[in-house]
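# Predicted structure and sequence below. I'll ask about it afterward.
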Amino acid sequence: MQVTLDKLSKSFGPVQVLHDLSMVVEEGEFLVLLGPSGCGKTTALRMIAGLEEVTSGRVHIGDRDVTDILPKYRDAAMVFQSYALYPHKTVAENIGYPLKLRKVPPPERDKTVREVAAQVQLEDYLTRYPRELSGGQRQRVALARAIIRRPAVFLMDEPLSNLDAKLRVHMRAELKHMQNTLGTTTIYVTHDQVEAMTLAHRVAILNHGRLMQFDQPKTIYRDPANLFVASFIGSPPMNMVDGNLSNGEFTGPGFAHTLGKDLSVGPAVIGFRPEDCSVVAAGNGLIPAEIYSNELIGDHTLVTCELHDSSAAPHTVTVKMDKDFEAEMGAQIAIAIDPAHLYFFERESGNRVRV
Amino acid sequence: MTAAAPNQPKGLYAKLFEPKRLGIMAPGTSVLVYAGLLFWTIVVLFPLYWLLVTSFKLPIDVNEGPRYLPFVDYEPSLHAWDYLLVEVGGDTFRPYVNSVIIAAISTILAVLAGSMAAYALARITYKPRFASILSFVVGIIAVIVLTVVAGVPWWLSLIVGLAIFALLARTVARRFRARLGNGDILFWMISQRILPPVIVAVPVYVMFQRIGLLDTHIAMIITYATVNLPIVVWLMHDFFLSIPRDLDESAEMDGATKFQIFFDIVLPLAKPGIAATSLLVLVLAWNEYLLALFLSSVDAQTMPLLVAAQNATRGPQWWSMSVLILLMIIPVVLIALALQRFIAKGLLVGAVKG
């Protein structure tokens, strides 16, 4: 079902943690709320769940305004970061608890529990207690407990963050597959950009309680709306170099770049992704620099270059090079960048300057 | 330069007080530790031993004592046991049953009501206005003044008092900002146990006398449950705080009501706390003397009173007291053993993370 947030705000005493969040999550969509810790993403999710009171604004699930109704009447199921399994109940009792509360007769309940357990490969663990399960199995119990009700909306609060790295990648794929099979609208909170990029149909990026950008993962990566999104998405992050943009020319430490358009914004930031630039011989390229260090990652090499910046503290940028790249530390080089992959931002507001 | 690790010393002190390997105790240390433990064991167990041997003594063995060892110092006799359990068996049995009924029911009531209050205080944020509480006090004073001074029938003054409270709370009190929090409520509750109980003994006596409930089980049960309630709230509050809130919220999302969350999820997880608290409250009720002295005489007399009565007309009957005290100790020990496994067990393993 469609979930609509209309100017949702939340304050804890004098502190406002969410500012007028408005968005429409389409039916069957996998939406990821992404942001650094304290950006208000979990608060937003809890307000949709009904676990947190709304300060102002409305929440709609389907055609219903659910802003002021109890969580149990919202038809939303939630998976918690901690899994929140009931430790004194067996796996079967945990999964079947939502049905028990809805007074589904035991034979039918057992049958459904078995079906759902099979869906998450837990058939052999039904009589165990949560403490006897591994992290991944506990995670599956939490998922099964959410899907058994066939809810209108799944709400997930960093469900993978307690798993080790390998299992996380595996569960990520399972989760995406499951959501696709069930076709249930899903709102997923994470601070992990890889999870966001891989899982989401659309990503909503929050910072300090404000919506920064709301779009498909590839658009967010290719066309960031502002400095925050540009620097938050991407690993290693986008390189940012401070400078000045006036009369259609960006001047930075030791270089100048002429834009096609006659623009003047004053203090500005130029950004480029590590994979959109390359290390070339000194004298060529755009930005003169010196090799600070190079690290072979495996399929590529990350080269850290120090800019010739006399005014400010040492300023480095990262260039992603071929795995065969070799260079002496301290060597004088230059960085060449495809002008099509340059991004400009106003330094104060962080807004994108479109060229 | 790094300092080299010191060599192992070889003096007498080191021999006695430094262990030869990891994981064992040095000889000198173990002698000191076990001597201390032994001493304390004797301090704790000797009174019990003395009770046991005294219960088998004849008056002459006590009066011409001290005699320590049965069969050696004196010939053990069952006369005190025979006298209390057979000759005047009814008079022993009745207080015993009273004690069981009163302690058990008052404990169940106090733990049930107290843990519900504690759960509410652990999960819900209350912020009563200070001025509303003052309005309530004003209402109560009005009831007292009307009934006692003006001679108005009690039900009429009660209505007037409630009306005054409601009126003040809805009008004047709203203008004041000051509010209390959960911590204040909790402290107010436990403060009821800070005052010595003697202070309430007389008013409670008069109250039950007026409504004709003196020397009844009901009066004793109500009193004990009320007196122990703050302890239950105080102890259980901490246990409930230690249960992750995620579990409550998860159950709420699953569709449970607040009472279902409490009885299905929270209470089973608080079993260790319930067991420990019940045991403490049970023992307090079981051993209570002062209020029982005021509130009961014959029909609701409890064991502590019977024990004290052995010191009455014919001088201290140590042998009878010993028998009665032993009879009193047995059920408490059995219950403690039964509850021990709950208290020791950590039930929260596997709830969150791993």
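Alright, I've got the coordinates.
# Residue ranges of each domain in the chain, please.
The chain I'm using is chain A. If you go by automatic domain parsing, the domain ranges for chain A are A:3-230, A:239-353.
# hmm, I had chain B in mind actually
In terms of domains, chain B is parsed into B:40-77, B:90-124+B:211-344 (source: automatic domain parsing).
# Relative to chain A, which of those is closest?
The minimum distance between chain A and the domains of chain B falls on domain B:90-124+B:211-344, with 3.7 Å, by C-beta to the nearest C-beta. In this view, the C-beta of every residue, glycine as well, is placed from N, C-alpha and C.
# want to throw the domains of chain A into a markdown table with mean neighbour count and mean pLDDT?
A markdown table is the format used below for these (neighbours: other C-beta atoms under 10 Å in any protein chain shown; pLDDT from 0 to 100):
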| stretch | mean neighbour count | mean pLDDT |
| --- | --- | --- |
| domain A:3-230 | 19 | 91 |
| domain A:239-353 | 16 | 87 |
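# Redo these as CSV? Include distance to chain B.
Formatted as CSV, the domains of chain A follow (distance: least, C-beta to the nearest C-beta, whole Å):
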stretch, distance to chain B
domain A:3-230, 3
domain A:239-353, 30
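# one step back: what's the most buried one of the domains of chain B?
Each of the domains of chain B was scored by mean neighbour count; the highest is domain B:90-124+B:211-344, a mean of 19, by mean count of other C-beta atoms under 10 Å in any protein chain shown.
# and that domain, how far from the chain's centre?
In terms of C-alpha atoms, centre = their mean, to the nearest Å, the centre of domain B:90-124+B:211-344 is found 6 Å from the chain centre.
# Which residue ranges of the stretch 1-150 of chain A form helices?
Assigned by DSSP state H, counting those that start in this stretch, the helices in the stretch 1-150 of chain A fall at A:41-49, A:91-101, A:106-119, A:135-147.
# related to what we said a few turns ago, format the domains of chain B as TSV; extra columns: distance to B:V143.
Converted to TSV, the domains of chain B look like this (distance: least, C-beta to C-beta, whole Å):
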stretch	distance to B:V143
domain B:40-77	50
domain B:90-124+B:211-344	17
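# Which one, of the helices of the stretch 1-150 of chain A, ends up nearest to B:H217?
helix A:91-101 (38.6 Å; C-beta to C-beta).
# what residues does the closest one touch?
With C-beta atoms under 8 Å, 6 or more residues apart in numbering or on different chains as the test, helix A:91-101 has contacts from A:77, A:85-86, A:89, A:108-110, A:112-113, A:116-117, A:122, A:125-130, A:133, A:141, A:144-145, A:148-149, B:251, B:254-256, B:260, B:264.
# Kindly provide the distance from A:E27 to A:V66.
Here A:E27 is placed at a distance of 16 Å from A:V66 (C-beta to C-beta, to the nearest Å).
# no wait, B:L112
35 Å.
# And for A:T42?
On the measure of C-beta to C-beta, A:T42 and A:V66 end up 18 Å apart.
# what's the answer for B:W286, then?
Per C-beta to C-beta, B:W286 is found 52 Å from A:V66.
# for A:R109, same thing?
For A:R109, the distance to A:V66 - C-beta to C-beta - is 26 Å.
# could you list every residue that touches the residue of the stretch 1-150 of chain B found nearest chain A?
Proximity to chain A, evaluated over the stretch 1-150 of chain B using C-beta to the nearest C-beta, is greatest for B:T125 at 11.2 Å. By C-beta under 8 Å, 6+ apart, B:T125 lies in contact with B:181-182.
# let's go with 6 Å and repeat that
Counting by C-beta atoms under 6 Å, 6 or more residues apart in numbering or on different chains, B:T125 touches no other residue.
# Where is the longest helix in chain B?
In terms of residue count, the longest helix belonging to chain B (DSSP state H) is helix B:89-123.
# Just the C-alphas of stretch B:327-338, formatted as PDB.
The C-alpha trace of stretch B:327-338 is given here as PDB (Å, rounded to 0.1, in the frame of the first residue of the first chain):
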ATOM      1  CA  LEU B 327       8.800 -24.500  62.700                       C
ATOM      2  CA  MET B 328       8.800 -20.900  61.400                       C
ATOM      3  CA  ILE B 329      12.200 -21.300  59.700                       C
ATOM      4  CA  ILE B 330      11.400 -24.500  57.700                       C
ATOM      5  CA  PRO B 331       8.900 -23.100  55.200                       C
ATOM      6  CA  VAL B 332      11.000 -20.100  54.400                       C
ATOM      7  CA  VAL B 333      14.000 -22.200  53.800                       C
ATOM      8  CA  LEU B 334      12.000 -24.500  51.500                       C
ATOM      9  CA  ILE B 335      10.600 -21.600  49.500                       C
ATOM     10  CA  ALA B 336      14.000 -20.000  49.200                       C
ATOM     11  CA  LEU B 337      15.400 -23.300  47.800                       C
ATOM     12  CA  ALA B 338      12.500 -23.500  45.300                       C
END
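# name the element A:S278 belongs to?
Here A:S278 sits within strand A:277-281, counting by DSSP states H and E.
# Am I right that A:C305 sits in a strand?
Yes - under DSSP: H, G, I helix; E, B strand; the rest coil, A:C305 sits within a strand.
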